[in-house]
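# model this:
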Amino acid sequence: MENEENKSFFPNLEAGEKLTKRGLGARPILESQIKAAQAASRSAFEAARTLGISYNTYKKYAKMYGIFDDLINQKGIGINKGGGIRNRKYDIQDLLDGKHTEYPLWKYKNKLFNSGQIPEACSCCGFEERRITDNKAPILIDFIDGDGLNRKIDNIRVLCYNCYFLLVGDARIKIKRKGVN
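Prediction:
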């Protein structure tokens, strides 16, 4: 099947012959091959990947033929770049429906904000500033009914540290005093 796909882009490819890496003595990329790859791709990088060449090689030949600017979506907006593949075990919708209660809370919070389901701002005072050091907003997730296992979206409240302390209290810190257990 891979050879059939390559046959459409490389008409001179013999049956059973595989594409080799490019280097000295390699055949130049034809204008028709680049146009066929552009028709089948959504970005210049994807067209290069379709041809089995590097982006710089694609760019060199496309500019040489004057068709580099023909691709509509050169920047690749809306195309999955391959990142976040390891993070697909738990779907965000399953987490919001209350499944996977064993999922760590800090990962759950990051996934909520990254997916855009909940804005990364305090729901009480609207605080949304970020730290300079790591560009993260210092906010916490609070569960309205107090049950940390009920992780449905209607039970979640995003609070900054100040509002968390005023509304919930300091539930996370346990003070040990001398002589008192």
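# Show me what secondary structure element comes after the least confident helix or strand in the chain by mean pLDDT.
Lowest mean confidence among the helices and strands of the chain (mean pLDDT, DSSP states H and E): helix 2-9, at a mean of 51. Using DSSP states H and E, the next helix or strand after helix 2-9 towards the C-terminus is helix 31-40.
# After that following helix, which helix or strand is next?
Heading C-terminal from helix 31-40 (DSSP H and E), you reach helix 44-51.
# same for the next helix or strand after that following helix, what does it pack against?
Using DSSP H and E, the next helix or strand after helix 44-51 towards the C-terminus is helix 55-65. Applying 3 or more CB pairs under 8 Å, 6 or more residues apart in numbering; DSSP states H and E, one finds that helix 55-65 contacts helix 31-40, helix 44-51. Bear in mind the C-beta positions are built from the backbone N, C-alpha and C, glycine included.
# if you set the cut-off to 6 Å instead, what comes out?
Contacts defined by 3 or more CB pairs under 6 Å, 6 or more residues apart in numbering; DSSP states H and E place helix 55-65 against helix 44-51.
# Outline the domain layout of the chain.
2-70, 88-167 (automatic domain parsing).
# Worst mean pLDDT among these?
Lowest mean pLDDT within those: domain 2-70, at a mean of 76.
# what's the spacing between the spatially closest residue to E31 that is not a sequence neighbour and A47?
Counting by CB to CB, 6 or more residues apart in numbering, E31 lies nearest to Y65, which is 4.4 Å off, once chain neighbours are set aside. Separation of Y65 from A47 (CB to CB, to the nearest Å): 13 Å.
# More neighbours: those two, which one.
A47 (25 against 14; other CB atoms under 10 Å).
# Cross-check the contact I'm expecting between that one and A39.
No - using CB atoms under 6 Å as the test, A47 is too far from A39 to be in contact (9.0 Å).
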